[in-house]
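Peer 1: Structure here, sequence nowhere to be found:
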Ligand SMILES: Cc1ncc(COP(=O)(O)O)c(C=O)c1O
């Protein structure tokens, strides 16, 4: 190389190296820039998180304050200032479907899932496109279904609701608006009680609750007109994957997919129905945030649901939408692996333990759900339902809820609430570990009493 070329080469190297150093130092300075207005919020959040409630409760920023500190809110059956005391003779409450089993996942992922909401955040009724819906959230919901392989969203409209509860009724309104006579709203038993309760409570000229769908199926064909059928799959209470029992030109179906997540069921294929409803409550466990969404094929139905939403509450809270966006982004970060593995392992573990305890009983029978192939995990998966649908097998135990309550201090939900026989009782498996462990202990005692009684009889 000639001397002048060598000098030119050295000069270029020198300039590149100086530029690189300037860039790196500038970057370092920017990333080290101290936070300003958000530090106070972060300090408050960390202070409340550091309050110890013995692992049996939690203190919250908006909880009651005593001696200048938020107080511990204890899990059921625990008390005392730090929730360390187990309360004697406390009822094992397995009634509600409060999905607190997911709380440990979010405690472990506090950093990734925290949102800071400044006082000026989205004060308007609308987003800048004059809608009530965050486009970014809608985009991420579509991605979520694509990675989970549980629903088709291409070419569909999405409506947000205050939980899926609100969307269930919005869907009944929207579907019944174009029917020639009041819609008969039905569901095959056993069904989620809110379908009946809500339809009857919001009584309108457009629709009425008509009971069990299978009774209509068995009737004459002209009764299957202007019908709206609710189908929950997996079903609440029994965890079965279900299809509509009615079909025909004037039958509309609302597919409630609250539990169609890898936590609770194998995903056999993406759902591809005209009207599908999902909820954050059972996906991330944030029932308190009240966020659900409907995926709708028909434009008129979508617009009627939007109209319902606009008149009911002028759109879903922007704070809720921001939180939902953050949580869904955490789910998406690792393709769902983190939350879906945690949730499936927890639910599967609970189901296995429950089966083990009840396999020793002749008096109580659990529903059977066979293993099946899951498109999400690409494996065959054993059952992991959200609820146990327990049957009292003995003739005289005709009210299973009463049997559990009187003999074992367990609170379930009567079969009758689901339009089924009271010989069945639903036990929630999605609550906190404290709730589940107490339920399991009480069932163990009940089954061991059965074994002792049998020993006495055989002597
Ligand atoms: C089958 C079913 N659908 C809908 C809901 C309502 O959920 P949310 O209003 O919290 O979205 C529930 C809640 O338990 C449910 O079990």
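Peer 2: Structure's in. What do you need? Predicted, not measured: the structure shown is a model, and the values here were computed from it.
Peer 1: what about residue 436, how many residues close to it?
Peer 2: Neighbour count of residue 436, defined by other Cβ atoms under 10 Å: 23. No exception for glycine: its C-beta is placed from N, CA and C like everyone else's.
Peer 1: Report whether the expected contact of it with residue 347 is present.
Peer 2: No - Residue 436 is not in contact with residue 347 according to Cβ atoms under 8 Å; the separation is 10.1 Å.
Peer 1: okay, and the common contacts of these two?
Peer 2: Common contacts of residue 436 and residue 347 (Cβ atoms under 8 Å, 6 or more residues apart in numbering): 101, 429.
Peer 1: Name the next helix or strand following whatever helix or strand residue 185 lives in along the chain.
Peer 2: Here residue 185 sits within strand 183-187, counting by DSSP states H and E. Sequence-wise, the next helix or strand downstream of strand 183-187 (DSSP H and E) is helix 194-201.
Peer 1: Next, the angle from that next one to strand 183-187.
Peer 2: Relative orientation of helix 194-201 and strand 183-187, computed by axes from the mean of the first three to the mean of the last three Cα atoms, to 10 degrees: 150 degrees.
Peer 1: Just checking helix 194-201 against the ligand, any contact.
Peer 2: No - using Cβ under 6 Å from any ligand atom, we find that helix 194-201 stays clear of the ligand, coming within 6.5 Å at best.
Peer 1: who touches the very next helix or strand once past that helix?
Peer 2: The element immediately downstream of helix 194-201 (helix or strand, assigned by DSSP H and E) is strand 207-212. Residues outside strand 207-212 that contact it (Cβ under 8 Å, 6+ apart): 172-173, 176, 182-189, 195-196, 199-200, 216, 227-228, 419.
Peer 1: run the last query once more with 7 Å
Peer 2: Applying Cβ atoms under 7 Å, 6 or more residues apart in numbering, the set of residues contacting strand 207-212 from outside is 172, 176, 182-186, 188-189, 196, 199-200, 228, 419.
Peer 1: Flag every buried residue along that strand.
Peer 2: 207, 209, 210, 212 (16 or more other Cβ atoms under 10 Å).
Peer 1: which other helices and strands contact the strand or helix carrying residue 331?
Peer 2: If you go by DSSP H and E, residue 331 is part of helix 318-333. Helix 318-333 sits against helix 110-113, helix 135-148, with contacts defined as 3 or more Cβ pairs under 7 Å, 6 or more residues apart in numbering; DSSP states H and E.
Peer 1: In stretch 193-213, which residues are buried?
Peer 2: Buried residues in stretch 193-213 (16+ other Cβ under 10 Å): 193, 194, 195, 196, 198, 199, 206, 207, 209, 210, 212, 213.
Peer 1: Let me have those residues in JSON lines, extended by distance to residue 359.
Peer 2: Formatted as JSON lines, the buried residues of stretch 193-213 follow (distance: Cβ to Cβ, whole Å):
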{"residue": "193", "distance to residue 359": "29"}
{"residue": "194", "distance to residue 359": "32"}
{"residue": "195", "distance to residue 359": "33"}
{"residue": "196", "distance to residue 359": "34"}
{"residue": "198", "distance to residue 359": "37"}
{"residue": "199", "distance to residue 359": "39"}
{"residue": "206", "distance to residue 359": "48"}
{"residue": "207", "distance to residue 359": "44"}
{"residue": "209", "distance to residue 359": "38"}
{"residue": "210", "distance to residue 359": "39"}
{"residue": "212", "distance to residue 359": "32"}
{"residue": "213", "distance to residue 359": "33"}
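Peer 1: one step back: so, in contact with the ligand or not, the strand holding residue 185?
Peer 2: No - against the ligand, strand 183-187 shows no contacts by Cβ under 6 Å from any ligand atom, the least distance being 10.2 Å.
Peer 1: where's that strand relative to the chain centroid, distance-wise?
Peer 2: Computed by Cα atoms, centre = their mean, to the nearest Å, the chain-centroid distance of strand 183-187 equals 25 Å.
Peer 1: Distance check, the residue most central in space within the chain against residue 230.
Peer 2: The centre of the chain sits closest to residue 282, judged by Cα atoms, centre = their mean, with a distance of 0.8 Å. Look at residue 282 and residue 230: by Cβ to Cβ, to the nearest Å, they are 16 Å apart.
Peer 1: same check, this time on residue 190
Peer 2: Taking Cβ to Cβ, one finds residue 190 at 12 Å from residue 230.
Peer 1: Show me which of the two is the more surrounded one.
Peer 2: residue 230 (26 against 23).
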